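Undergrad: generate coordinates for the sequence data below:
(one chain, ligands or ions: 2)
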Amino acid sequence: DSPRFRHSRRATVNGALAAESRRALEEPEQFWREAAARIAWDEQFNEVLDTTEAPFYRWFPGGRLNTCYNAIDRHVESGRADQPALIYDSPVTNSQRTFTYRDLQQQVAKTAGMLADLGVVAGDRVIIYMPMVPEAVFAMLACARLGAIHSVVFGGFAPRELATRIDDALPKVIMTASCGIEPGRIVEYKPLLNAAIAAARHRHAACVVLQREQCRCDLDDNRDHDWLERFDAANPVDCVSVAATDPLYILYTSGTTGVPKGVVRDNGGHAVAMHWSLENVYGVKPGETFWAASDIGWVVGHSYIVYAPLISGCTTILYEGKPVGTPDPGAFWRVIDDHKVDVLFTAPTALRAIKREDPAASYMDRYDISTLRTLFLAGERADPPSIDWAERHLGIDVIDHWWQTETGWPVAANCLGIEQQPIRKGSASRAVPGFDVRCLDESGREMQRGETAALYIKLPLPPGCLATLWRNDDGYRRSYLEEVPGYYSTADAGIVDEDGYVWVMSRTDDIIHTAGHRLSTGAMEEVRAGHTDVAECAVIGVADATKGQIPVGFVVLSAGSDREAADIESELVTMIREAIGPVAAFKTALVVNRLPKTRSGKILRKTMRSIADEEPYTTPATIDDPLILEEITQALAAARRGRTTGKQQGSE
Ligand code: COA
Ligand code: AMP
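TA: Ligands and ions are numbered 1, 2, ... in the order given. Predicted structure coming up:
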């Protein structure tokens, strides 16, 4: 162990986790009934789990509650009124603000009043397209207070992505801000919002705009409302009781096409899972400070910036900044010191970014980070070198855990609140109680322990996972339930080893993670359909030392196109940035004569990925023309040379 190791990491496994897992799977009703006792219900549920519509399961039917009451009011009433609930830390505006549970109640109740004045009632949808400011959290909780359904759209998405979500969710109100702040530039939201509304079919939403002093915007008299004016005029409103099975939010996530999937989360199962997981997975107690360094646009932000810490009576941190550059690679350690953070959750890509700028972790020595006892990583597989680096320098346990937007909370993790398991770097540890993880072949047969195949979860999923896709039960069935009847398909592949450790190695679809952002290469390929000079395009995720993966597009020009390849490459880069957003980080398009395909016409993406990652591969026997692989290899080598000499293909 490193001499700096401050917390004991010797796991003595005495079977507590195994016992809890067994109980959760063998007696789910009793298990989750006990967990549900930690939540304040307006009306008790009739039963714990309704299986009558299987494979659609409903948790806690008949129960009524309000998620906002559980996240705020309950704590105000039970002695936490003066405890900090939300700490906003914004290096990009050089400001910090602390909201106690009482402050949060006042802010949220008035924000809810403002929405009620605009006609929002239970069941209505509200889109929240905002930067990481406290008002965004107030907006989410205000929706929950009214029983309205929020749909937060990540600020790094382009108007087209926002328009798709507007047309699917049909919001009554869209809440936004005049700008977001990225290091070195102001992102004006209003032109993006205007473009999205112009592109959408649904144009009836009222817009509430928070004017930030960094960049004010013009308001449209017929459509837009000034947030602060509306807020000042509003009266606080109370929590509205909703059914446990009513939706709390829709969170759109990348699917295999350009149409995102609207993951629906219920109120009751979600509240139970949030409370249970913070205590049992993360080992966090009420009153402690939990920091998820993510964005409220992602599921991590929903679950572990907003709902779980607040429902559990903790202090949560809303960080408007980056791991590096705001202002330096000591940013995370500064936040931990300033706010005495107990447990941190971030993405491996953030660690790699810090490590790249400060390999010796010298910035760490400038701060007192002694309160920090665990670092959790998720969003992509935590690569062992990053874990080693963090462990060595932080002197604490670094825990990889695996989950998805769809599940809403961890599927496999080292459950510190139950019993710490010995850490195996590269594995997300064992399945969390409630999740029955299986490694199955295409026919649904269980693999031998240690063999690689697709990962499934035996139904029913525990509380808090997706109930369905928004107004798309069929899509839910098709995307997740049909591959192997009785199982939820995670679209991840890996291994369950002889001790039950889960090793998640890759996706089985075309989803990639770029700097922690979930993106669909299929969606990028669809964008190129708008380019008349392009006949075909394949986008693959290529390994990147910091971002994990970056998208690279291979393009075949239309017959007869006489345009310069370099021009088309840079046009495609611009098109994808404009259609999906800057977070797509699509900077490399390469024109080739043909794409490698099987004789039946299937693009050989896996082989292309191996070439791009400079991994050994065997030329598939079914390839129609092996010579094309040589062209791909050369195009990539030229792009790499271009990058190292600063001449990136098509960079804007
Ligand atoms: N609004 C507008 N634009 C945004 C944005 C937002 N909320 N977030 C990112 N972008 C833009 C960036 O400004 C950048 O634009 P550029 O191409 O003009 O430079 C582009 O999207 C790509 O940004 P990003 O992917 O963040 O890359 P980066 O090089 O700026 O930073 C990291 C790299 C690793 C430091 C950063 O991505 C990071 O902190 N990642 C962790 C993300 C995370 O925690 N995800 C949650 C998973 S748990
Ligand atoms: P998202 O919906 O953005 O949370 O992305 C979910 C996907 O990220 C999963 O299906 C995995 O592919 C990947 N992922 C998340 N956490 C891990 C992890 N700890 N190890 C490996 N892959 C992970």
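
Undergrad: does residue 536 really touch residue 553, like I thought?
TA: No - judged on Cβ atoms under 8 Å, residue 536 makes no contact with residue 553 at a distance of 10.6 Å. Bear in mind the C-beta positions are built from the backbone N, C-alpha and C, glycine included.

Undergrad: so which of the two has more stuff around it?
TA: Set residue 536 next to residue 553 and count neighbours by other Cβ atoms under 10 Å: residue 553 wins out with 26 against 16.

Undergrad: so what's that one up against?
TA: Shown in contact with residue 553 (Cβ atoms under 8 Å, 6 or more residues apart in numbering): 524-525, 528, 537-539, 572, 576, 586, 588-590.

Undergrad: go on, residue 533?
TA: Going by Cβ under 8 Å, 6+ apart, residue 533 touches 557-558, 561, 563, 568.

Undergrad: between those, which has the most around it?
TA: Neighbour-wise, the contacts of residue 533 (other Cβ under 10 Å) top out at residue 568, 22 neighbours.

Undergrad: helix, strand or coil: sort out that one for me.
TA: Using DSSP: H, G, I helix; E, B strand; the rest coil, the structure places residue 568 in helix.

Undergrad: would you list the phi and psi of the residue nearest to it when sequence neighbours are not counted?
TA: Once flanking residues are discounted, residue 568 sits nearest to residue 533: 5.4 Å by Cβ to Cβ, 6 or more residues apart in numbering. Residue 533 adopts backbone torsions of phi -90, psi 0, taken as degrees, to the nearest 10.

Undergrad: just send the contacts of residue 553 back as CSV, with pLDDT and distance to residue 55 too.
TA: Formatted as CSV, the contacts of residue 553 follow (pLDDT from 0 to 100; distance: Cβ to Cβ, whole Å):
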residue, pLDDT, distance to residue 55
524, 94, 31
525, 93, 31
528, 85, 36
537, 93, 36
538, 95, 34
539, 96, 32
572, 95, 40
576, 95, 36
586, 95, 36
588, 94, 41
589, 95, 41
590, 95, 43
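
Undergrad: in strands, which of those residues appear?
TA: Those of the contacts of residue 553 mapping onto strands are 537-539, 588-590, per DSSP state E.

Undergrad: which one of these is nearest to ligand 2?
TA: Comparing the ones in strands among the contacts of residue 553 against ligand 2 with Cβ to the nearest ligand atom places residue 539 closest, at 17.0 Å.

Undergrad: now the lowest-mean-pLDDT helix or strand in the chain - C-alpha only, CSV.
TA: Ranked by mean pLDDT, DSSP states H and E, the weakest helix or strand in the chain is helix 627-644, scoring a mean of 88. Coordinates of each C-alpha in helix 627-644 appear next as CSV, following Å, rounded to 0.1, in the frame of the first residue of the first chain:
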residue,chain,number,x,y,z
LEU,A,627,-7.0,-4.4,-50.1
ILE,A,628,-9.4,-1.8,-48.7
LEU,A,629,-8.0,-2.5,-45.2
GLU,A,630,-4.7,-1.2,-46.3
GLU,A,631,-6.3,2.0,-47.5
ILE,A,632,-8.0,2.5,-44.1
THR,A,633,-4.7,1.9,-42.4
GLN,A,634,-3.0,4.5,-44.5
ALA,A,635,-5.7,7.1,-44.1
LEU,A,636,-5.6,6.7,-40.3
ALA,A,637,-1.8,6.9,-40.3
ALA,A,638,-2.0,10.1,-42.3
ALA,A,639,-4.6,11.6,-39.9
ARG,A,640,-2.4,10.7,-37.0
ARG,A,641,0.6,12.4,-38.6
GLY,A,642,-1.6,15.4,-39.3
ARG,A,643,-2.7,15.6,-35.7
THR,A,644,0.8,15.4,-34.3
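
Undergrad: and it, what does it pack onto?
TA: strand 548-557, strand 588-591, helix 605-612 (3 or more Cβ pairs under 8 Å, 6 or more residues apart in numbering; DSSP states H and E).

Undergrad: centre of the chain to it, how far?
TA: 32 Å (Cα atoms, centre = their mean, to the nearest Å).

Undergrad: next one: stretch 265-280
TA: Relative to the chain's own centre, stretch 265-280 is displaced by 17 Å; criterion: Cα atoms, centre = their mean.

Undergrad: ok, stretch 295-307 next?
TA: Its chain's C-alpha centre and that of stretch 295-307 lie 7 Å apart, by Cα atoms, centre = their mean.

Undergrad: one step back: please tell me how far the residue nearest to residue 568 sits from residue 550.
TA: To residue 550, residue 533 is 24 Å away according to Cβ to Cβ, to the nearest Å.

Undergrad: kindly report the same for residue 598.
TA: Per Cβ to Cβ, residue 598 is found 26 Å from residue 550.

Undergrad: could you do residue 470 as well?
TA: Relative to residue 550, and taking Cβ to Cβ, residue 470 is found at 30 Å.

Undergrad: neighbour-wise, which of these two wins?
TA: More crowded of residue 470 and residue 550, by other Cβ under 10 Å: residue 470, with 25 against 21.

Undergrad: now the more buried one: closest residue in space that isn't a chain neighbour?
TA: Residue 470 sits nearest to residue 262 (Cβ to Cβ, 6+ apart), 3.2 Å away.

Undergrad: over to residue 189?
TA: Nearest to residue 189 is residue 176, by Cβ to Cβ, 6+ apart, at 5.3 Å.

Undergrad: OK, contacts around that neighbour?
TA: 128-130, 189-190, 193, 207-210.

Undergrad: kindly report the same for residue 244.
TA: Applying Cβ under 8 Å, 6+ apart, we find residue 244 in contact with 45, 59-65, 266-269.

Undergrad: and the residues you listed, which are buried?
TA: Buried members of the contacts of residue 244, scored by 16 or more other Cβ atoms under 10 Å, are 45, 59-61, 63-65, 266-269.

Undergrad: in helices only, show me those.
TA: Among those, DSSP state H puts 268-269 in helices.

Undergrad: to ligand 1, which of the helices and strands packed on helix 627-644 lies closest?
TA: Closest of those to ligand 1 is strand 548-557, at 8.7 Å (criterion: Cβ to the nearest ligand atom).

Undergrad: which helix or which strand is home to residue 489?
TA: Using DSSP states H and E, the element containing residue 489 is strand 487-496.

Undergrad: related to what we said a few turns ago, need the pLDDT of the residue nearest to residue 568.
TA: You'll see residue 533 listed with a pLDDT of 95.
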